[in-house]
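Asker: Okay, here's the prediction I keep looking at, along with the sequence it came from:
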Amino acid sequence: MSQTTVDSMTDPAKYPAPFRCCVQAVEPQWIDYNGHLNMAFYNVLFDRAFDEVLLAVGLGPEYLSASNHSTFTAEAHVTYIQEIGSGDEVTVTLQLLDFDEKRMHTFQEMYLADGTLVATSEQMSLHVDMSAKKVAAYPPEITDRLTAMRRAHGELPNKPQVGHVIGIRRKPR
């Protein structure tokens with residue numbers, strides 16, 4: 001490979017800003033007694049979308065098989081903005097906010113087909129050595145890909161939900 005050839009896996013153009021995942025449909029069995037998508041299944045939809053991103057950077061099932069390393073979610077903060085129901089189709093976008101040698105900080109937005117924002121999820125994910133069950137550094141090729149994605153996503157503004165703290169806001173007396 002010549003020095004001028006760009007490795008497509010480290011080319012920022014491979015990682016659209018934000019990364020747009022496949023369309024997913026809300027399954028009927030996910031609807032709760034209130035008649036809308038149960039809160040747990042928002043996480044399923046976000047997780048499936050995150051799996052697409054992991055595949056794109058080389059952290060999918062083949063990586064687990066070859067390296068015995070995987071990715072775990074350490075923390076997630078979901079904001080529910082609008083109800084959705086059975087059969088609704090959604091797409092999720094992902095922005096890589098930051099990463100270091102062992103962690104990824106991401107922000108996802110879930111949209112209906114008409115562009116209506118229905119939920120967001122901010123997550124901290126860890127790279128884990130499955131044998132030791134400990135957090136481990138990404139290998140250099142993954143770090144290079146995450147660097148490319150971060151470069152592509154670096155121009156995106158942070159959304160209002162990023163870093164949101166849960167609490168009751170009281171009016172001063």
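Answerer: Alright, I've got the coordinates.

Asker: So which other helices or strands are in contact with the biggest helix by length in the chain?
Answerer: The helix spanning the most residues in the chain, taking DSSP state H as the definition, is helix 39-57. Judged by 3 or more C-beta pairs under 8 Å, 6 or more residues apart in numbering; DSSP states H and E, helix 39-57 is in contact with strand 19-20, strand 24-25, strand 69-80, strand 89-99, strand 103-112, strand 117-129, helix 140-153. No exception for glycine: its C-beta is placed from N, CA and C like everyone else's.

Asker: Alpha carbons only: can I get the longest one in CSV?
Answerer: Just to be clear, that refers to helix 140-153. What follows is the C-alpha trace of helix 140-153 in CSV, where atoms were taken according to Å, rounded to 0.1, in the frame of the first residue of the first chain:
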residue,chain,number,x,y,z
PRO,A,140,-4.1,0.8,17.9
GLU,A,141,-6.3,0.0,14.9
ILE,A,142,-9.5,0.6,16.9
THR,A,143,-8.0,3.8,18.4
ASP,A,144,-7.2,5.0,14.8
ARG,A,145,-10.8,4.4,13.7
LEU,A,146,-12.2,6.1,16.8
THR,A,147,-9.9,9.0,16.1
ALA,A,148,-11.3,9.2,12.5
MET,A,149,-14.9,9.1,13.8
ARG,A,150,-14.2,11.7,16.4
ARG,A,151,-12.6,14.0,13.8
ALA,A,152,-15.7,13.6,11.6
HIS,A,153,-18.0,14.2,14.5
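
Asker: quick revisit: can you check which of the helices and strands packed on helix 39-57 gets nearest to Tyr33?
Answerer: In terms of C-beta to C-beta, the element of those nearest to Tyr33 is strand 69-80, at 16.3 Å.

Asker: For that closest one, which residues meet the burial criterion?
Answerer: Neighbour-count burial for strand 69-80, counted by 16 or more other C-beta atoms under 10 Å, picks out His69, Ser70, Thr71, Thr73, Ala76, His77, Val78, Thr79.

Asker: Same check on stretch 115-128?
Answerer: Counting neighbours by 16+ other C-beta under 10 Å, one finds that the buried residues in stretch 115-128 are Val118, Ala119, Thr120, Ser121, Glu122, Gln123, Met124, Ser125, Leu126, His127, Val128.

Asker: Just put those in CSV and tack on pLDDT and distance to Glu62.
Answerer: Output for those, formatted as CSV (pLDDT from 0 to 100; distance: C-beta to C-beta, whole Å):
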residue, pLDDT, distance to Glu62
Val118, 98, 32
Ala119, 98, 30
Thr120, 97, 29
Ser121, 98, 25
Glu122, 97, 27
Gln123, 97, 22
Met124, 98, 24
Ser125, 98, 18
Leu126, 98, 19
His127, 98, 16
Val128, 98, 16
